[in-house]
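Q: Provided below for reference: sequence and predicted model.
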Amino acid sequence: PRKSLDEKQNIRFENMLASRVKLDRDCNILGEAILLECAELNTLINRLLYPDKVKTEPGVSIKVDWKLVHFQLAKDDYSCVMRVLMENFSENIRDQIPEGFQNEQYRYRQEAQEKEEEKLRAAVIKKQKESCGTEVLPTLKLRAEIKKLALTLYLGESDMSVRRGPRNDNLKLANVQIDTFEALFRQRSDGSYKATARVKNFLLDDLRATNKSSSVTRMMDRHFTVDPNTHMFVASFEFNPKNQSRPTALRQLTAQLESLYISISLDYLMILQDFFISGLPSGNAETPRQVEQQAITTTEQSNNDQNRTKMDKKPTPVTSKTSVAPSKPTTTQTTTASNADTELETRIDVSVKNPEIILLEDQHNSNSNCLVLDLALQLRMITIGTNTQLYGWLKNLTVYSSNFAELRESNNSGSKIKYRILQPAKADIYLTMDNEQQKIDVRISDIIVSIAPAAIRTLIGVTSSLGTLQAATKEETEKLNSKSLFNPKPIKDGHFWFTKDYEKKSQQTDESETARDTSSQQTVVKEKEEIQKPLIQQLILILETIEVKLEVGLGSVTKSVVAMCLSNLTADVQNWSSNMSLASTVNVEAALYNENMLSWEPLIEPTIASEGARISPWCITCSILPICI
């Protein structure tokens, strides 16, 4: 029977949480704030005891279900978490070990370990091929699903006087939510695998207590025209090894993002920026523990330098040999790595379908005017060894003015547009790069910009909301930037009489060592530049037209009065890393509309050919030529 072929294991995790605690001197908990709450995690593992009898099903099947993962962070919670992460993961012990010591001590051990791993890997692959033959069978299937992944941000500080107290709902700032995250992984006996991930929806809500009933609180959601059952994000990663029908292995990544809208209110954006940036520890600030360790290491290093100058005044030739020796295996490793990369092809396809970025004039009015940025993006990259080709398409790039209520309710794309600021434009980019060349080709279509009074009023209304917020933040920074009574200085700037001799000796040794280090580093950099510098570099930019019109009028009834046009813009840049050369041309025109004549009159007089029959705009040329000395 089939039941005797299965081995099932059920793993369940309950009461999973992460919290921030406050301790006293005896390490007793005084207060606690919960940062992470999770529902129970269920994992079901199904293993076939005799997979050769059931070849249609994978040998191991894993199913993971997680209903809720909820993060809760106040401003001080975020600051505490980032400080802990930066203090514990900012330093790497391997960076403190000298390069020569690490290579000499562990190079042979690593080579032996790699050979043993290759033998074991080859033996396992050979055994799998013998058991399966030429037939490709499923070996592993992993399916994971998270129903809801949420992050709630709170203003102010957490109450650390009690343990696991409830948070104040009036201090809520934002709620970020991901609905129904699904992942599926399949692996087969020939080494190929495929992983897919899907997200049903992305949500961002403004939860501030100051919002009104008419305020726009949903800041990010699927677009109004997208089907509610459609997944917003779909990505897949697939790998197929080389075989008789395929000379190279194929690694392919595909990602697609459906249309969504992002509503932006500048005052709310500044509050979010203050939440995430002001809580971060500054890079120049050092903890007392770091300062103490730095002082100990500097004193030990100075003592070692003094002993070294006394005992070893002349450099030995052994050090120069040891410094040159590790360069040989690195070159062989790079050649073998490049040969291995030529047997692998990587393809990346990314598609973004018409996201809309909406800039609101008044967030507290659902009938507010807004500026909308709409575009579509597609990228494709192919990499084989050192050869990389990149294709990019930017389509339907446009900016227009609209009303948020009409934008949300109208299904017709033409009725929601009051007037266009930027006419639909497109751009294409092509990049190819390898060890011998770097070539970039950029082509941009007509860019037509119309500046109307209503657009200027909308921008003024958007920026006026920042006045009160900037004044409040300025008062807070002035309170924090208070001057202290004492101005501490490092010991090197003290100029004490009992440290002058030591400072002179340490300065002389430091200068000699820095001179030797800089000379050796310069030679290494020159050698790397000579090896890695590409032979051919070229950038070609072609822009058909840039036209800017200044309009007057009321509402959507406007007329153009002044226009400026740059046409036939071309640029050819070559060898920008060595002897750069540039050749560029552009035509310039400016005109004023005459209402009496109902025609455009040039502000910049065009040039007339010697024959007098042809009129052409001004042409500006620019060139940069290298001078060989």
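A: Perfect, I can see it now.

Q: how many neighbouring residues does F13 have?
A: F13 is flanked by 12 other residues according to other C-beta atoms under 10 Å. (C-beta placed from N, C-alpha, C; glycine too.)

Q: the one 10 residues further on too?
A: Counted with other C-beta under 10 Å, the burial measure for L23 works out to 10 neighbours.

Q: so how far is P602 from the residue lying closest to M564 once chain neighbours are set aside?
A: With C-beta to C-beta, 6 or more residues apart in numbering as the measure, A590 is the residue that lies nearest to M564, at 4.7 Å, once sequence neighbours are left out. Applying C-beta to C-beta, to the nearest Å, the value for A590 to P602 is 7 Å.

Q: more neighbours, these two?
A: For A590 and P602, the more surrounded residue by other C-beta under 10 Å is A590, and the numbers stand at 17 against 12.

Q: what helix or strand is the more buried one on?
A: strand 581-594 (DSSP states H and E).

Q: kindly report the same for L36.
A: Here L36 is covered by strand 29-38, with elements defined by DSSP H and E.

Q: likewise I271?
A: Under DSSP H and E, the secondary-structure element containing I271 is helix 266-277.

Q: distance from that helix to the middle of the chain?
A: Relative to the chain's own centre, helix 266-277 is displaced by 19 Å; criterion: C-alpha atoms, centre = their mean, to the nearest Å.

Q: residues contacting the residue nearest to G156 when sequence neighbours are not counted?
A: In space, G156 comes closest to L171 once its chain neighbours are excluded; the distance is 5.0 Å by C-beta to C-beta, 6+ apart. L171 is in contact with 74, 154-156, 209, counting by C-beta atoms under 8 Å, 6 or more residues apart in numbering.

Q: hmm, try it at 7 Å
A: L171 sits next to 154-156 when contact means C-beta atoms under 7 Å, 6 or more residues apart in numbering.

Q: kindly report the same for L373.
A: Shown in contact with L373 (C-beta under 7 Å, 6+ apart): 357, 399.

Q: partner strands of the helix or strand hosting it, with direction?
A: Secondary structure here is read from DSSP H and E; on that basis L373 sits in strand 369-384. When pairs are called by DSSP bridges, strand 369-384 turns out to pair with strand 344-352 (antiparallel), strand 356-360 (antiparallel), strand 387-403 (antiparallel).

Q: between those, which one is nearest to S19?
A: Go through the strands paired with strand 369-384 one by one with C-beta to C-beta and the one that ends up closest to S19 is strand 356-360, at 36.8 Å.

Q: tell me what angle that closest one forms with helix 266-277.
A: 110 degrees (axes from the mean of the first three to the mean of the last three C-alpha atoms, to 10 degrees).

Q: now stretch 212-222: buried residues?
A: Of all the residues in stretch 212-222, those buried under the rule 16 or more other C-beta atoms under 10 Å are 215-217, 219-222.

Q: now, these that are in strands?
A: Those of the buried residues of stretch 212-222 mapping onto strands are 219-222, per DSSP state E.

Q: so where do the strands sit in the stretch 51-200 of the chain?
A: Counting by DSSP state E, counting those that start in this stretch, residue ranges of the strands within the stretch 51-200 of the chain are 60-74, 138-154, 172-188, 193-206.

Q: wait, which of those strands is closest to T545?
A: Nearest of those to T545, taken as C-beta to C-beta: strand 193-206 at 36.8 Å.

Q: elements contacting the closest one?
A: The criterion is 3 or more C-beta pairs under 7 Å, 6 or more residues apart in numbering; DSSP states H and E, and the helices and strands that strand 193-206 contacts are strand 172-188, strand 218-222, strand 233-240.

Q: what about the last one, distance to the chain center?
A: Spelled out, that is strand 233-240. 19 Å.

Q: contacts for that strand, please.
A: Taking C-beta under 7 Å, 6+ apart as the criterion, the residues outside strand 233-240 that touch it are 192-199, 246, 249-257.

Q: how many residues are close by K55?
A: Should you count by other C-beta under 10 Å, K55 turns out to have 14 residues around it.

Q: got the contact list for it?
A: When contacts are taken as C-beta under 7 Å, 6+ apart, K55 is in contact with L137.

Q: do the same with L44
A: 8, 10, 63.

Q: and it, that one's in a strand?
A: Yes. According to DSSP: H, G, I helix; E, B strand; the rest coil, L44 belongs to a strand.
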